[in-house]
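Undergrad: What follows is a predicted protein model with its sequence.
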Amino acid sequence: MTAEAPARIHRLAATLANQIAAGEVVERPASILKELLENSLDAGARRITVRLEGGGLDLLQVEDDGVGILPDDLPLALERHATSKLHSVQDLHAIATLGFRGEALPAIASVARLDILSKALGCNQAARLQVAGGVAVINEAAARGPGTTVRITELFFNVPARRKFLRAAPAELARNQKVLRQAALAHFSVAFHLYQGPRGLLQFPAATDAQGRAERVGGVLGEEFLRHAVYFELEDQGLRLSGWLGLPTYNRARGDEQYFFVNQRPVRDPVITHAVRAAYADVLYKERHPLFVLYLNLAPELVDVNVHPAKAEVRFRDARLVHDFLFRSLQRVIAEQRPGTVISTTP
Ligand code: ADP
Ligand code: MG
């Protein structure tokens, strides 16, 4: 820079600020789907239906039967740092919802056309808002049963550089399906359906008992996995680990059938990865990968979920404690396992 005087500092326009935030949370259709599913789940939905066209590139719609949004609040839902989920700094230290940053909807709306139709519980009027590239184009009364429908079209119409990083429709579809499967594994009591055009591609009826949950796991990882896995529940010092752990003999060349949830949130974490690897170290070749669906639950104040805009990473307050608990638990399950056994120390 060779300017003779410093450039003046100015506030970014809201739309531009949202587009910058979108760079972190809206990478592709699947990242939008993840955010919309989180919103539906946070709204207490019992039934969530996803409709895609062109793998989500042409249309991505999420419909739920959750608590909905009050008509007066609808414009706020599209405003940055506006949320119904967080009130104080104290809340931030013990987050109980999947969302909390108040960023997803405005970020998405700044790089696409977003249509939201919602009817709040106990309110007899539904409302509809349409925003394109951050600008509201329609705000009107509408009709709908209780719940919310969010419809995304024209993704990245105003950010051509981003469009270039999108893959062909089948690849984007596969990513969307993966996101839905992850949500389905973390929220058994919710029914999920995914359609591409008229075709129903994923159907997960609400799973309310152990058999229903096992069926859902079989639907995602295959029946074969269930025959080669142990279901277990272990608890120690406020940490609870449960799920289906694949036998070392049933392994894959790639580690793409590994699901790990911390307080029902799918996460990647080096502490977890290391503990799992170490537990299998003696019974599995280095280049092979086990299959598993694991759930770690702990008090929300023991884990910081506010370390990554897309909330895909977490930070444990006591990483050593978590690591050792995971390692010991998994090693024990691997040592004692027979397919079909249930290991439990939970009263
Ligand atoms: P966050 O989820 O972090 O609060 P979002 O931008 O994703 O931020 O959503 C903003 C707000 O809009 C939410 O706090 C919630 O009140 C409302 N909202 C969004 N989607 C839904 C939905 N499907 N059902 C009910 N309320 C919703
Ligand atoms: Mg959200």
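TA: Structure received. Ligands and ions are numbered 1, 2, ... in the order given.

Undergrad: Can I get stretch 22-32 in CSV? Just the C-alpha atoms.
TA: Extracted in CSV, the C-alpha atoms of stretch 22-32 (Å, rounded to 0.1, in the frame of the first residue of the first chain):
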residue,chain,number,x,y,z
ALA,A,22,-21.4,-16.6,5.4
GLY,A,23,-17.9,-17.4,4.3
GLU,A,24,-17.5,-19.4,7.6
VAL,A,25,-20.9,-21.0,8.0
VAL,A,26,-22.3,-21.4,4.5
GLU,A,27,-19.8,-23.4,2.4
ARG,A,28,-22.2,-25.5,0.4
PRO,A,29,-25.8,-26.9,0.6
ALA,A,30,-24.9,-29.4,3.3
SER,A,31,-23.7,-26.7,5.6
ILE,A,32,-27.0,-24.9,5.1
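
Undergrad: in what helix or strand does the closest residue to ligand 2 within the stretch 51-200 of the chain lie?
TA: Ligand 2 sits closest to residue 99 of the stretch 51-200 of the chain, with a gap of 2.8 Å, by CB to the ion. Where C-beta positions appear, they are placed from N, C-alpha and C, glycine not excepted. Element membership of residue 99 [criterion: DSSP states H and E] is none; it lies in no helix or strand.

Undergrad: same check, this time on the one 3 residues further on
TA: Under the criterion DSSP H and E, no helix or strand holds residue 102.

Undergrad: Show the average pLDDT along stretch 44-61.
TA: Average pLDDT, stretch 44-61: 98.

Undergrad: Distance from it to the middle of the chain?
TA: Relative to its chain's centre, stretch 44-61 lies at 14 Å (CA atoms, centre = their mean, to the nearest Å).

Undergrad: first to last residue in it, what's the distance?
TA: Length of stretch 44-61, first residue to last, CA to CA, to the nearest Å: 18 Å.

Undergrad: do stretch 240-251 as well
TA: Stretch 240-251 has its terminal residues 25 Å apart, counting by CA to CA.

Undergrad: Which parts of it count as buried, going by neighbours?
TA: The neighbour-count check on stretch 240-251 (16 or more other CB atoms under 10 Å) flags 240, 241, 242, 243, 244, 245, 246, 247, 248, 251 as buried.

Undergrad: Contact distance from ligand 1 - what residues of the stretch 101-250 of the chain qualify?
TA: 101, 102, 103, 104, 105, 148 (CB under 6 Å from any ligand atom).

Undergrad: Can you name the residues that contact the residue in the chain that ligand 1 sits nearest to?
TA: Proximity of the chain to ligand 1 (CB to the nearest ligand atom) peaks at residue 99, 2.5 Å away. Counting by CB atoms under 8 Å, 6 or more residues apart in numbering, residue 99 makes contact with 35, 38, 39, 42, 83, 85, 311.

Undergrad: do residue 288 as well
TA: Counted by CB under 8 Å, 6+ apart, residue 288 has contacts 251, 252, 253.

Undergrad: Could you rerun that using 10 Å?
TA: For residue 288, the contacting residues are 248, 249, 251, 252, 253, 254, 255, 280, by CB atoms under 10 Å, 6 or more residues apart in numbering.

Undergrad: Help me confirm that the first one is found in a strand?
TA: No. Remark: residue 248 does not belong to a strand; assigned using DSSP: H, G, I helix; E, B strand; the rest coil, it is coil.

Undergrad: That one and residue 292 touch, don't they?
TA: No. The pair formed by residue 248 and residue 292 falls short of the contact definition of CB atoms under 10 Å, at 11.1 Å.

Undergrad: Between these two, which contacts overlap?
TA: Listed as contacting both residue 248 and residue 292 by CB under 10 Å, 6+ apart are residue 280.

Undergrad: how about the nearest residue to the residue of the chain closest to ligand 1, chain neighbours excluded?
TA: If the residues on either side of it in the chain are set aside, residue 99 comes closest to residue 38, at 5.1 Å by CB to CB, 6 or more residues apart in numbering.

Undergrad: Would you agree residue 155 is in contact with residue 59?
TA: Yes. Using CB under 10 Å, residue 155 makes contact with residue 59 at a distance of 9.4 Å.

Undergrad: neighbour-wise, which of those two wins?
TA: residue 155 (25 against 18; other CB atoms under 10 Å).

Undergrad: Just give the closest residue to that one, not the sequence neighbours.
TA: Counting by CB to CB, 6+ apart, the residue nearest residue 155 is residue 112, at 4.6 Å.

Undergrad: Tally up the residues packed near that neighbour, please.
TA: For residue 112, the neighbour count with other CB under 10 Å is 26.

Undergrad: residues contacting it?
TA: Going by CB under 10 Å, 6+ apart, residue 112 touches 22, 26, 29, 32, 60, 131-134, 151-159.

Undergrad: what do you get for residue 100?
TA: When contacts are taken as CB under 10 Å, 6+ apart, residue 100 is in contact with 38, 42, 83, 84, 85, 86, 91, 92, 305, 306, 311.

Undergrad: and with 8 Å instead?
TA: Residues counted as contacts of residue 100 (CB under 8 Å, 6+ apart) are 83, 85, 86, 91, 92, 305, 306.

Undergrad: ok, now how distant is the fourth one from residue 238?
TA: Put plainly, it is residue 91. Distance of residue 91 to residue 238, computed by CB to CB, to the nearest Å: 20 Å.
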